[in-house]
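*Asks:* Turn this into a model:
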Amino acid sequence: MRTRTQFLASIVLVVMLFGFGLAPEPAPAVSVIVCGPSVEAAVAAVVQHGGRVTRALAVIEGVAAEVPQTMLAALATTRGVTSVFPNQAVTAAGYGVADVEFPIVVGADKVWELGNLGEGVTVAVLDTGADTTLLGLRRDADRNRDRILVYYDALGGGLYEYPFIHWSPRDPNGHGTHVSGIICNSEYEFMDNQYRGIAPNADLVLVRVLDEYGAGTYADVIAGIDWAVQHKDDYNIRVLNISMYAPPVAPYWADPYNLAVMAAWQAGIVVVASAGNDGPAPMSIGVPGNTPYVITVGSFTDNFTPEYFGDDYMPPFSATGPTLDAFVKPDIIAPGAHIVSLLRGNTYLAQTYPENRLNGRYFKTSGTSTSSAVVSGIAALMLSENPDLTPDEVKYRLTVTARPQFSEYSGEAAYSIWEQGAGRVWAPDAVYATVEGTANAGMDLVADLAGTVHYQGWTVYDPDTETFVIQGTGYETWAGGYETWAGGYETWAGGYETWAGGTTNWSGDFNDWLAAYETWAGGGNAWAGGYETWAGGYETWAGGYETWAGGYETWAGGYSTWAGGYETWAGGYETWAGSTGDPIWAANYVNLLNLPTDATAVGFNLLFWEE
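*Replies:* Numbering: from 1, shown residues only. Below is the predicted model of the structure:
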């Protein structure tokens, strides 16, 4: 009997051979992601409309394909096609500056002292690959075990294991090596008595989805996630680090990249994503960090004083919420400035930014890429200590033990919830604190993936006060304006300059910090599940975007029933990619009414930031 894989391979071969006719001047082809009730159905629809399948994407029951632009609208309305989405570009969330001692800043050294180095947990790194010859990545802290279990090249389709793992493409860019080193570099600094990675005994699975220049496509990334989900049990993959982002161009539940990370989360994998580097403007969170279920990480800097927290602050590049679906993001913040980690001198990044090179195989960078890697390492420590934790429980423990920054004198928040989330991560409490609960309470991931229900966050924009606010009672107990934000970098309580070097609850010993997790009114439950379902309609939307005024049922069918129909952006998503598009439509879409247009831009880029 033929297997499903053999069947798909046969279909793809037939499509590649016979997908195009002999038209003298074929219409320009557009690269898209096509989803349906099954991969087979998506393939059949592509073939029917003169397209060519380039890759099967089983994790989202879809395919990557090239389809004539003139056939996109017809394809989108074909029975059995649930979505047609642009195969847009993604990029690494890297940044280009310097740092020291990031494990101390999050208390990882205190976890090591108790004998926990991340043993028994595998972290999959979705990135540009990694250099498998570097000893700090190859071997664990005892130097007696090779711990890179496998290298999968989603770009070329190759799979490399020992003893042939060095035959892999390794990492011509350098970003993936740098990120992997932050997570689990096992090299030890005798001068400071510390490891150079957060979880030095964790195992690694390397999934290459970005090229030499740190760029890739949705199809590449989804194929990498698909492989990780399919092989999670083979390699005990418990954590998936995604230090990259793309501009949001659709609701989270309609974006195939988001759907892939949701599938990974459902499979039991803790997904950690970078928030992006397009801050400080509101609504700058990228994909897949805008996925409500996963752990989204922004950045703070230790201000070059790793053992003194009182002068720490958030750098302006760290992306901020709310998401276009009105969710509070990021979830937490972690060190993300002047981070020192592994990187070969012959890579693209080292050659392009030679001023950031250190002694041979080290490099200094900044950005939310590094912050998400720190949290992935902490997640490995958590799962090593408590292997039965679910992804929702890991997220809950990280957020409820994090420390938001408040003034010691006035109690006012230094940063709003859309900037710092639950606050700065602290590894010892995340690993060892006696807390119980689950994040994403009240949300049904299975139903969300099935398309029978979707969710929106609590955020609204108040045009009278010109601030973002949280509706309802979920966040009311938080102190001093944490739940309101005027949207400007300079409008943070007291002003940014007041906090850089100022006195806050981050000053002094960590145990003296104000608002420790046990003092939070209502605990994490006060906000962990603060979401509304779309089903039945959301009354404040009625009269706004007319297509949705009748409730969920009016758009449950997919693209063709919202945003004026698929044809309003088919082949032309570039008219609103990287921004919220039509400001009136966007404002009604996320219920952020009358949001100033200069606060709505989203996108991605690679910049330098000097402290």
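*Asks:* residue ranges with poor pLDDT in the protein?
*Replies:* Low-confidence segments of the chain (pLDDT under 70): 1-27, 91, 93-100, 406-413, 471-611.
*Asks:* what about the longest helix in it?
*Replies:* Ranked by residue count and defined by DSSP state H, the top helix of the chain is helix 368-385.
*Asks:* Let me know the secondary structure of the residue nearest to residue 317 when sequence neighbours are not counted.
*Replies:* Excluding its sequence neighbours, the residue lying closest to residue 317 (C-beta to C-beta, 6 or more residues apart in numbering) is residue 277, at 4.6 Å. Yep, even glycine has a C-beta here, placed from its N, CA and C like the rest. With DSSP: H, G, I helix; E, B strand; the rest coil as the basis, residue 277 sits in coil.
*Asks:* do residue 265 as well
*Replies:* Under three-state DSSP, residue 265 falls in the helix class.
*Asks:* Residue 42 is in what secondary structure piece?
*Replies:* Using DSSP states H and E, residue 42 maps to helix 39-48.
*Asks:* Output that helix in PDB with nothing but the alpha carbons.
*Replies:* The C-alpha coordinates for helix 39-48 follow below in PDB (Å, rounded to 0.1, in the frame of the first residue of the first chain):
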ATOM      1  CA  VAL A  39      -2.300  18.600   1.600                       C
ATOM      2  CA  GLU A  40      -3.800  16.500  -1.200                       C
ATOM      3  CA  ALA A  41      -6.700  19.000  -1.600                       C
ATOM      4  CA  ALA A  42      -4.300  21.900  -1.700                       C
ATOM      5  CA  VAL A  43      -2.200  20.200  -4.400                       C
ATOM      6  CA  ALA A  44      -5.300  19.500  -6.500                       C
ATOM      7  CA  ALA A  45      -6.500  23.100  -6.300                       C
ATOM      8  CA  VAL A  46      -3.100  24.400  -7.300                       C
ATOM      9  CA  VAL A  47      -2.900  22.100 -10.300                       C
ATOM     10  CA  GLN A  48      -6.500  23.000 -11.300                       C
END
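*Asks:* I'd like to know which elements that helix is packed against.
*Replies:* On a contact count with 3 or more C-beta pairs under 8 Å, 6 or more residues apart in numbering; DSSP states H and E, helix 39-48 meets helix 4-18, strand 29-35, strand 52-57, strand 62-68.
*Asks:* go with 10 Å
*Replies:* Where contact means 3 or more C-beta pairs under 10 Å, 6 or more residues apart in numbering; DSSP states H and E, helix 39-48 is packed against helix 4-18, strand 29-35, strand 52-57, strand 62-68, helix 72-76, strand 83-86.
*Asks:* Show me which residues of it are buried.
*Replies:* For helix 39-48, a neighbour-count test (16 or more other C-beta atoms under 10 Å) marks 39-47 as buried.
*Asks:* Ok, stretch 153-170 next?
*Replies:* Buried, per 16+ other C-beta under 10 Å, within stretch 153-170: 153-155, 160, 165, 168-170.
*Asks:* could you dump these to TSV with distance to residue 117?
*Replies:* Converted to TSV, those look like this (distance: C-beta to C-beta, whole Å):
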residue	distance to residue 117
153	29
154	29
155	32
160	26
165	22
168	25
169	29
170	25
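*Asks:* so of the residues you listed, which ones are in strands?
*Replies:* 153, 160 (DSSP state E).
*Asks:* Of the buried residues of stretch 153-170, which is the nearest to residue 82?
*Replies:* Set against residue 82, the nearest of the buried residues of stretch 153-170 by C-beta to C-beta is residue 154 (23.4 Å).
*Asks:* any idea how far that closest one is from residue 418?
*Replies:* Plainly put, residue 154 is 33 Å away from residue 418 if you go by C-beta to C-beta, to the nearest Å.
*Asks:* With residue 340 instead?
*Replies:* 29 Å.
*Asks:* for residue 290, same thing?
*Replies:* Counting by C-beta to C-beta, the gap from residue 290 to residue 418 is 12 Å.
*Asks:* Looking at those two, which is more packed in?
*Replies:* residue 290 (31 against 27; other C-beta atoms under 10 Å).
*Asks:* check contacts around the closest residue to that one other than its chain neighbours.
*Replies:* Nearest residue to residue 290 in three dimensions, chain neighbours excluded: residue 323, at 4.2 Å (C-beta to C-beta, 6+ apart). Contact analysis of residue 323 by C-beta atoms under 10 Å, 6 or more residues apart in numbering lists 248, 251-252, 283-287, 289-292, 296, 329-330, 418, 456-457, 459, 590, 602.
*Asks:* now do residue 90
*Replies:* Applying C-beta under 10 Å, 6+ apart, the residues near residue 90 are 209-210, 214-218, 220-222, 242, 244-247, 257, 286-288, 604.
*Asks:* Sheet partners, orientation included, of the helix or strand containing it?
*Replies:* Here residue 90 is covered by strand 89-92, with elements defined by DSSP H and E. Under the criterion DSSP bridges, strand 89-92 sits next to strand 215-217 (antiparallel), strand 244-245 (antiparallel) in its sheet.
*Asks:* contact partners of the first one?
*Replies:* Outside of strand 215-217, the residues that reach it under the criterion C-beta under 10 Å, 6+ apart are 31, 33, 54-55, 64, 86-92, 126-128, 154-155, 173, 208-211, 223-224, 244, 246.
*Asks:* now do 6 Å
*Replies:* 87, 90-91, 209-210 (C-beta atoms under 6 Å, 6 or more residues apart in numbering).
*Asks:* Residue 144: which of these is nearest?
*Replies:* Using C-beta to C-beta, those come closest to residue 144 at residue 209, 31.0 Å.
*Asks:* measure the closest one to residue 184 for me?
*Replies:* From residue 209 over to residue 184 (counting by C-beta to C-beta), the distance is 19 Å.
*Asks:* These two: which has the busier surroundings?
*Replies:* Neighbours were counted for residue 209 and for residue 184 using other C-beta under 10 Å; residue 184 has more, 31 against 27.
*Asks:* picking that back up, where does the residue nearest to residue 290 fall, helix, sheet strand or coil?
*Replies:* At residue 323 the chain is in coil, as set by three-state DSSP.
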